[in-house]
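[1] what follows is a protein structure lacking sequence information:
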């Protein structure tokens with residue numbers, strides 16, 4: 001990574017495939033790569049970018065919709081891969097949330113062309129814990145419902161899965177006001193109800209893709 005960091009390097013890494021005319025299998029493959037840690041082994045080279053973003057050195061990326069999206073990815077997604085299992089994985093969430101919310105207000109979100117670009121733009125609203133988390137999760141469900149409605153027929157299974165994840169996260173936040181699976185990592189004491197939830201081990205972020213997705217991915221190798 002050069003000393004002059006530009007958002008295009010992050011964008012090309014995180015969105016390496018043009019899915020505008022791709023079939024459902026390609027969408028499932030990309031979603032699996034994003035959400036199941038496929039990128040993690042390659043993230044070490046982006047550690048200096050995360051550090052620069054956290055230090056406020058990349059605010060010039062916010063001038064364009066894709067630059068803002070790339071900074072959101074750096075602050076929201078990269079720490080989860082680089083620092084998985086530690087409190088540092090979540091430490092950039094407030095910054096990512098602020099940047100995402102600004103983009104929703106100033107038109108940058110609406111300017112994005114692809115559904116997955118928009119997906120990663122609004123994801124910090126679901127990830128960041130806080131007093132308004134429930135309200136944000138309701139908004140995520142509404143956005144996800146709209147995405148499903150607008151999706152081409154052949155891609156609706158992908159967005160149905162995404163909506164199901166959003167609804168499940170809404171249920172968790174409605175019940176607990178936070179993500180209990182983070183409690184051990186963040187050193188938080190769990191309530192009895194949270195301990196019962198943790199014992200089941202059915203965490204939204206670790207759920208597997210539907211069987212139809214696995215079949216589609218296997219069919220293309």
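    On my side now, so go ahead. Bear in mind the structure is a predicted one, so any value in this text is a computation, not a measurement. Residues are numbered from 1 along each chain as shown.

[2] quick check, central residue of this protein?
    By C-alpha atoms, centre = their mean, the chain has its centre lying nearest to residue 123, at 4.4 Å.

[3] leaving out chain neighbours, which residue sits closest to that one?
    residue 76 (6.0 Å; C-beta to C-beta, 6 or more residues apart in numbering). The C-beta positions use only the backbone N, C-alpha and C, and glycine is treated the same way.

[4] quick one, phi psi at the one you found?
    Dihedral pair for residue 76: phi -100, psi -40, per degrees, to the nearest 10.

[5] same check on residue 198?
    Main-chain dihedrals, residue 198, degrees, to the nearest 10: phi -60, psi -40.

[6] nearest spatial neighbour of residue 134, skipping sequence neighbours?
    Spatial nearest neighbour of residue 134, chain neighbours left out: residue 173 (5.3 Å); criterion: C-beta to C-beta, 6+ apart.

[7] just checking, that neighbour touches residue 139?
    No: with contact defined as C-beta atoms under 8 Å, residue 173 does not reach residue 139; the gap is 11.8 Å.

[8] out of the two, which sits in the more crowded spot?
    A count of neighbours by other C-beta atoms under 10 Å puts residue 173 above the other of residue 173 and residue 139, at 20 against 17.

[9] one step back: need the pLDDT of the residue nearest to residue 123.
    Note for residue 76: predicted pLDDT of 97.

[10] give me the number of residues near it?
    As a burial measure, residue 76 scores 25 neighbours (other C-beta under 10 Å).

[11] ok, the residue nearest to the centre of the chain - contacts?
    Residues in contact with residue 123 (C-beta atoms under 8 Å, 6 or more residues apart in numbering) are 72, 76-77, 100.

[12] and for residue 52?
    Going by C-beta under 8 Å, 6+ apart, residue 52 touches 5, 58.

[13] okay, and it sits in which element?
    helix 47-54 (DSSP states H and E).

[14] same question for residue 163.
    Secondary structure (DSSP H and E) places residue 163 in helix 156-176.

[15] average pLDDT across that helix?
    For helix 156-176, the mean pLDDT works out to 97.

[16] burial count for the spatially closest residue to residue 168 that is not a sequence neighbour?
    Leaving aside its sequence neighbours, residue 168 sits nearest to residue 204 (C-beta to C-beta, 6+ apart; 4.5 Å). Residues contacting residue 204 under the criterion other C-beta under 10 Å number 17.

[17] which residues touch the closest residue in space to residue 190 that isn't next to it in sequence?
    Distances taken as C-beta to C-beta, 6+ apart put residue 183 closest to residue 190, at 4.8 Å, once the chain neighbours are dropped. Residue 183 is in contact with 189-190, 194, 198, counting by C-beta under 8 Å, 6+ apart.

[18] dihedrals phi and psi, residue 128?
    phi -80, psi 120.
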